[in-house]
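K.L.:
The following comprises the amino acid sequence and a computationally predicted model.
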Amino acid sequence: MTATATRADEAAPRAARPSRPDRPPRVISFSHRLSRWDLKVSPYLYISPFFIMFAVVGLFPIAFTAVISFMDWDLVRNSGEFIGFDQYAWILGQPQFWTALRNTFSIFLLSSVPQLIAAVFIAAMLDRNIRAKTFWRMGVLVPFVMAPVAVALIFSNMFGDNHGLVNNVLSNIGLGPIPWHKDPFWSHIAIATMVNFRWTGYNTLILLAAMQAIPRDFYEAARVDGAGPFRQFWSITLPSLKPTLIFVIITATIGGLQIFDEPRMYDQFGRGGAAQQWLTITLYLYDIGWGQWNFGRAAALAWILFLIILLIGLINLLVTRRLVRDEGRR
């Protein structure tokens, strides 16, 4: 009987039992809502000043340049006549443009390739356990903080044809002087040396930061396996640097194809040489805009240079990203 009563009580409908009172809905306070909005919106507010400034001082000039590149622009009247792609056709039909393009790529290759090799080597030396590491790291950055005009004036005097320091040293050791301002190749070497002097230290510190992020356990395991310093550098350091090298190569490409200060200050005239030995695209653009006062053609040349930089940058990005992806699979 007792067991039967117990089963009956358990089988009783739950509706007959007293139910718990419903929990009142939670009211979200204003401060809680504000904190949630702060988490969502604050990152965009923090980065918005850059985009606002870029829209004012960057995006608008770019769009305005694109507009006047299709017009015969009159700077005095601040108006122009639409002529389509005639400005681009005129630029591409000028022999000076192709000379400037050849000189630009020559100086770019002579500066960027040795610069990146030297930056990797110096960064590897600074990453080792040497004395006064802070002093040497600050020392490689000193040329970068120097004014470009000062660097160009110093090196233009060093590479003087008649009384330059380099030719005087060559004469003292029995070698003939080099025509730094007359021969196109040697003028490109001199200008590339200025670029390397300024930018090698900057790229060195970027690569050094990437090297210090590599786990030291890799090197310890390599030493246990008997790998020497060169093998460690080739098998550990370089593969780990490839993502950073993507950034360095792309920025070097953009800066190298936009070179202006060094060739501008290489002589007292700033016209790219008597025979256009070191005339670059930016120097040619400057001459069209402020020498010939034709801003429509200068804008067209600026967009041609932008497309060239974009094409070379995409090629560099695809090649380097493919190398990084292949290394990750291995």
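P.N.:
It's in. Numbers count the residues shown, from 1 in each chain.
K.L.:
which residues of the stretch 1-150 of the chain score low on pLDDT?
P.N.:
By pLDDT under 70, the low-scoring segments of the stretch 1-150 of the chain are 1-35, 76.
K.L.:
now the helices: where do they sit in it?
P.N.:
Assigned by DSSP state H, counting those that start in this stretch, the helices in the stretch 1-150 of the chain fall at 2-11, 30-54, 60-68, 86-92, 95-126, 133-145, 148-158.
K.L.:
quick check, residue 161 in a strand?
P.N.:
No. Looking at residue 161 with DSSP: H, G, I helix; E, B strand; the rest coil, it is coil, so not inside a strand.
K.L.:
so it touches residue 186, yeah?
P.N.:
No. In this structure, residue 161 is not within contact of residue 186 by Cβ atoms under 8 Å, at 9.6 Å. C-beta coordinates here come from the backbone N, C-alpha and C atoms, glycine included.
K.L.:
more neighbours, these two?
P.N.:
residue 186 (17 against 14; other Cβ atoms under 10 Å).
K.L.:
got the contact list for the more buried one?
P.N.:
178-180 (Cβ atoms under 8 Å, 6 or more residues apart in numbering).
K.L.:
And the residues you listed, which is closest to residue 56?
P.N.:
Nearest to residue 56 among the contacts of residue 186, counting by Cβ to Cβ, is residue 180 at 42.7 Å.
K.L.:
And for that closest one, the neighbour number?
P.N.:
Residues near residue 180, counting by other Cβ under 10 Å: 22.
K.L.:
Need the three-state assignment for it.
P.N.:
coil.
K.L.:
Now it, what are its backbone angles?
P.N.:
Torsion angles at residue 180 (phi, psi; degrees, to the nearest 10) stand at phi -60, psi -30.
K.L.:
How many residues are close by the nearest residue to it once chain neighbours are set aside?
P.N.:
The shortest distance from residue 180 to any non-neighbouring residue, by Cβ to Cβ, 6 or more residues apart in numbering, is to residue 159 (4.1 Å). Using other Cβ under 10 Å, residue 159 has 22 other residues around it.
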